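Undergrad: predicted structure and sequence below. I'll ask about it afterward.
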Amino acid sequence: MIPLIDTHAHLTEEVFRTRIDDVIERSNARGVAGMIVPGYTRDACFDAVRLAGEHPSIRAAVGIHPLFLTDPVNSPATDPIDELETLIDRTGVIAIGEIGLDYRHASADRDAQRIAFRRQLDLAMERDLPVILHAVRAEADLLDILRRYSGIRGIVHRVSCSLDAVRQLMKLKLFFSVGPDLFIPGRSRLHELVRVLPDDRMLLETDCPFSRGLRGDPSGPWDLPDVLEAVAGLRGDAPETLAASMNGHHALFGCWSQGRDVSTVC
Ligand SMILES: [Zn+2]
C-alpha cells in the first residue's frame, strides 16, 4: 500500500507531547508515513515548528485559528499574526494554517475573523505557501474572500460545506480533506460529498485528538487507514487503488510528499 499522509494532526496537544516517538512509530506501522501538524494559537505554532524541525515525517503549518484570535495563550504583548512571519522560514513549515472563519457562536466577532483571515491569506500569497482552511457555517464569506485571491492554493480541512459551495471552491482549484466525521451517524451530506469529489482533489486527515467518530482514546494519525477504508467503501473503490490516486499532496506540498517519500527534508 502506498504510504499515507495525515494532513491534519494536532500532535502539539498534551496527550501526544511526551510520547511523540511512539506516536510516529505507531502511525508508521499502520502505513502513515507523514503528518502535517497545524498550529492554531501562537504556542501551538511554535510547538508545531519545533516538531517539524526534529522529525522528518512531521511538517508544520503555522496560522491563528478564527476561534483563537484573542486567546490568552497568545502573548498579549505581540500580534500573533505578525509573529507568524518569523516562523515561516523555519525548516519544515509547508503551509499557513489553520486559518479561516467560524461562525458557530452567535458572539463571534465576524469582522475580526475576516480581517485576520485576509491578513493570513495575504501572507500565504506573498510567500507562495498553501493554506489549510477551517470553515464552519461561513460558506458565503469564505467564497467571497477566497475569490479575491486568484491562484491561492489550499485545503478545506474537515470539509462540511454544501455540495454547491464545494463546486464553487473546486473552481478555485482548492482541495478537500475528509476525516473521521464520516463515522458520525447522520452525516449523509458528507457521504454524498465523498462520493463525488475527484480523487486528485481529496486528501485524508484525522484531526486528532479532536476527532469525533473514532473509538480510540486518544485518536491519532494511526487511525488514518480506517478513514481511507471508509472513504473507499463509500466510493466503491479498493483502498489501495484510492490511496494511489489521491495525489493532491504533490500539488500542494511539493517534494516533501512526492512519492510520499517523507524522509527527505526539502
Ligand atoms: Zn484542526
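TA: Sure thing, it's come through.

Undergrad: which parts of stretch 210-222 are buried?
TA: By neighbour count, and taking 16 or more other C-beta atoms under 10 Å as the criterion, the buried residues in stretch 210-222 are S211, G213, L214, P218, S219, G220, P221, W222. C-betas here are computed from N, CA, C, even on glycine.

Undergrad: as JSON lines, the residues you listed with pLDDT would be great.
TA: Formatted as JSON lines, these follow (pLDDT from 0 to 100):
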{"residue": "S211", "pLDDT": "82"}
{"residue": "G213", "pLDDT": "67"}
{"residue": "L214", "pLDDT": "72"}
{"residue": "P218", "pLDDT": "84"}
{"residue": "S219", "pLDDT": "90"}
{"residue": "G220", "pLDDT": "95"}
{"residue": "P221", "pLDDT": "96"}
{"residue": "W222", "pLDDT": "95"}
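
Undergrad: go through those residues and name the one nearest L193.
TA: Nearest to L193 out of the buried residues of stretch 210-222 is G213 (C-beta to C-beta; 15.3 Å).

Undergrad: circling back to that earlier point, the buried residues of stretch 210-222 in helices, which ones?
TA: Per DSSP state H, helices hold no members of the buried residues of stretch 210-222.

Undergrad: and which of the residues you listed is nearest D237?
TA: G213 (20.3 Å).

Undergrad: for the stretch 101-250 of the chain, what spans make up the helices?
TA: Ranges of helices within the stretch 101-250 of the chain are 110-127, 139-146, 163-171, 188-196, 224-235, 239-245, 248-253, based on DSSP state H, counting those that start in this stretch.

Undergrad: what residues does the longest one touch?
TA: Just to be clear, that refers to helix 110-127. 63-64, 66, 69-70, 81, 84-85, 88, 95-96, 99-103, 129-131, 141, 145-146, 149, 151-152, 154 (C-beta atoms under 8 Å, 6 or more residues apart in numbering).

Undergrad: what residues of it count as buried?
TA: For helix 110-127, by 16+ other C-beta under 10 Å, it's Q113, R114, A116, F117, Q120, L121, L123, A124, M125.

Undergrad: and the helix or strand bottoming out on mean pLDDT in the chain, what does it pack onto?
TA: Least confident element among the helices and strands of the chain, by mean pLDDT, DSSP states H and E: helix 248-253 (a mean of 81). Packing partners of helix 248-253 (3 or more C-beta pairs under 8 Å, 6 or more residues apart in numbering; DSSP states H and E): strand 93-102, strand 175-178, strand 202-204.

Undergrad: for these, which one sits closest to P239?
TA: For P239, the closest of those is strand 202-204, at 10.7 Å, according to C-beta to C-beta.

Undergrad: now the closest one: average pLDDT?
TA: Strand 202-204 comes out with an average pLDDT of 96.

Undergrad: partners of that strand, with directions?
TA: Strand 202-204 has the following strand partners under DSSP bridges: strand 175-178 (parallel).

Undergrad: what is the mean pLDDT for the partner strand?
TA: 96.

Undergrad: any idea how far stretch 164-183 is from the chain center?
TA: The chain centroid and the centroid of stretch 164-183 are separated by 12 Å under C-alpha atoms, centre = their mean, to the nearest Å.

Undergrad: renumber starting at 5 from here on
TA: That works, and once the first residue is 5, the last one we named lands at stretch 168-187.

Undergrad: in it, what's buried?
TA: Within stretch 168-187, the residues that count as buried by 16+ other C-beta under 10 Å are 169-170, 172-173, 176, 178-187.
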